[in-house]
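>>> sequence unknown, structure follows:
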């Protein structure tokens, strides 16, 4: 499994992904699921992936090759004119990769090689944008009505995102919120694991303002994880008390 | 979908279930998923169900018939000597019901008619016990290492249960904790819905100390739902702040 979150704020975009992959509980590895391309001063584009690792690595390798092989540069993430076209191009690559693997493996492969992706970024002169790309190649875009996307093991960490999100929150608070969401997920699902990758893209700043790998022994993450239990317990006790008698009325 | 939680405390057992069933998003109904049998002063047994409604209703109807038809009373929940035998008997009925429906509907019915159940109760002279019963008829029992079971849409409401549970908490706090867990689930999954049924079984008291349906307009539930957002937000802000610079060290 996997857990990735992409969020859009007034100030820009915040992304976080885990790094655990597993093929059975006795075959776990660390793989990066967050990728970034940038042209300083002009664009920064990030991609997070969930699903079949062979599929997602193939898609990312094809995207990387295009940025390096001049002959194919017309479809490179470094040159496509809009984020919408980048989403279209990645969706097409993803669909083709899934379909080719499935076609080569017959009927019973159906669904086994799928993947989904979150694409985030900004190109100079345009707004920061956030997309979720499905295995079928189609995609949806976030707005302030639905300001974040999750892929992978999404459920455990969702309630705190729903309650904690605020479009004018600071980047630091958004990273903190995601850490709480990841902590809840890590505690519940063994197939999501540290380290975590974090990326913060400020609006109209075409270099990441923050990019960091959070390791197992990261003191801040450890302190969040420890203090969240107490904070939640205090929050719980601050709620009005239930009473068997009064609520019977 | 469905959401039910059964929890074991030092003081006894606490159960909560939602009442929404759906067959497609345009066909939703209210059905009770919590059932109770008791012999005053001697035993109280409760059952919560998730899964195919025809299956769960058939199992419950068979259990009800046995408590009424004297000829079959040897397997009645009112007469079985232990909670373990009650779990065995319900597991057997559940497996038979699932298998019969699937056999009558051929290969493609596989998995469509399954259900799971949570059984809780106490018989005089023995401990309160809590079981989770699978569609295959086998079951597991809760202990203070794993003191609660969830069935149905379990993920959204799980983190708060993990963090908030305490074996020596009061019944009132346990009901409050479950309400928070249900509120998170209700906010995330439309197929879980109010009203909620609540049942509190005190150790060695063979009558429920509290049994109530929580309706949409229940003032306490509404206040929990409203104040939990603020409480969570305060909890979140009470955590140490993240800083781009210091954490780079």
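Noted; the coordinates are in hand. Given the structure is predicted, the values throughout are model-derived calculations rather than measurements. Numbering: from 1, shown residues only, chains lettered A, B, ... in the order given.
>>> what about chain A, any weak spots by pLDDT?
A:70, A:72-73, A:246-249 (pLDDT under 70).
>>> now the lengthiest helix in it: how far from the chain's centre is it?
Identified as the longest helix of chain A according to DSSP state H is helix A:83-105. With CA atoms, centre = their mean, to the nearest Å as the basis, helix A:83-105 stands 18 Å off its chain's centre.
>>> what's that helix packed up against?
Judged by 3 or more CB pairs under 8 Å, 6 or more residues apart in numbering or on different chains; DSSP states H and E, helix A:83-105 is in contact with strand A:43-51, helix A:53-68, strand A:115-123, strand A:129-133, strand A:139-141. Using the backbone N, CA and C atoms, a C-beta is placed for each residue, glycine as well.
>>> got the buried residues for stretch A:99-113?
Buried residues in stretch A:99-113, defined by neighbour count with 16 or more other CB atoms under 10 Å in any protein chain shown: A:101, A:102, A:113.
>>> ok, so of those, who is nearest residue B:89?
residue A:113 (44.3 Å; CB to CB).
>>> mind checking the SS state of that closest one?
Three-state assignment for residue A:113 (DSSP: H, G, I helix; E, B strand; the rest coil): coil.
>>> sorry, back to before: looking at the helices and strands packed on helix A:83-105, spot the one closest to chain B.
Across the helices and strands packed on helix A:83-105, chain B has its closest neighbour in strand A:43-51 (16.1 Å, CB to the nearest CB).
>>> angle of the closest one against helix A:83-105?
For strand A:43-51 against helix A:83-105, the angle by axes from the mean of the first three to the mean of the last three CA atoms, to 10 degrees is 30 degrees.
>>> strand A:43-51 pairs with which strands?
Here strand A:43-51 is paired, per DSSP bridges, with strand A:34-39 (antiparallel), strand A:115-123 (antiparallel).
>>> and the nearest residue to residue A:109 once chain neighbours are set aside, how far is that from residue A:134?
In space, and not counting its chain neighbours, residue A:109 is closest to residue A:102: 4.7 Å by CB to CB, 6 or more residues apart in numbering or on different chains. Distance, residue A:102 to residue A:134, by CB to CB, to the nearest Å: 15 Å.
>>> ok, now residue A:241?
Applying CB to CB to residue A:241 and residue A:134 gives a distance of 46 Å.
>>> okay, these two: which has more neighbours?
residue A:134 (17 against 12; other CB atoms under 10 Å in any protein chain shown).
>>> tell me the contacts of that one?
A:91, A:116 (CB atoms under 8 Å, 6 or more residues apart in numbering or on different chains).
>>> ok, now with 10 Å
A:91, A:94, A:95, A:98, A:114, A:115, A:116, A:117, A:140, A:151 (CB atoms under 10 Å, 6 or more residues apart in numbering or on different chains).
>>> got phi/psi on it?
phi -90, psi 160 (degrees, to the nearest 10).
>>> same deal with the one 4 residues further on?
Recorded main-chain torsions at residue A:138 are phi -80, psi 170, according to degrees, to the nearest 10.
>>> once you drop chain neighbours, what's closest to it?
residue A:91 (6.3 Å).
>>> where's the one you found relative to residue A:117, distance?
Counting by CB to CB, the gap from residue A:91 to residue A:117 is 8 Å.
>>> okay, these two: which has more neighbours?
Per other CB under 10 Å, whichever of residue A:91 and residue A:117 has more neighbours is residue A:117, with 29 against 21.
>>> buried residues in stretch A:224-239, which are they?
In stretch A:224-239, counting by 16+ other CB under 10 Å, buried: A:224, A:225, A:228, A:231, A:232, A:235, A:236, A:239.
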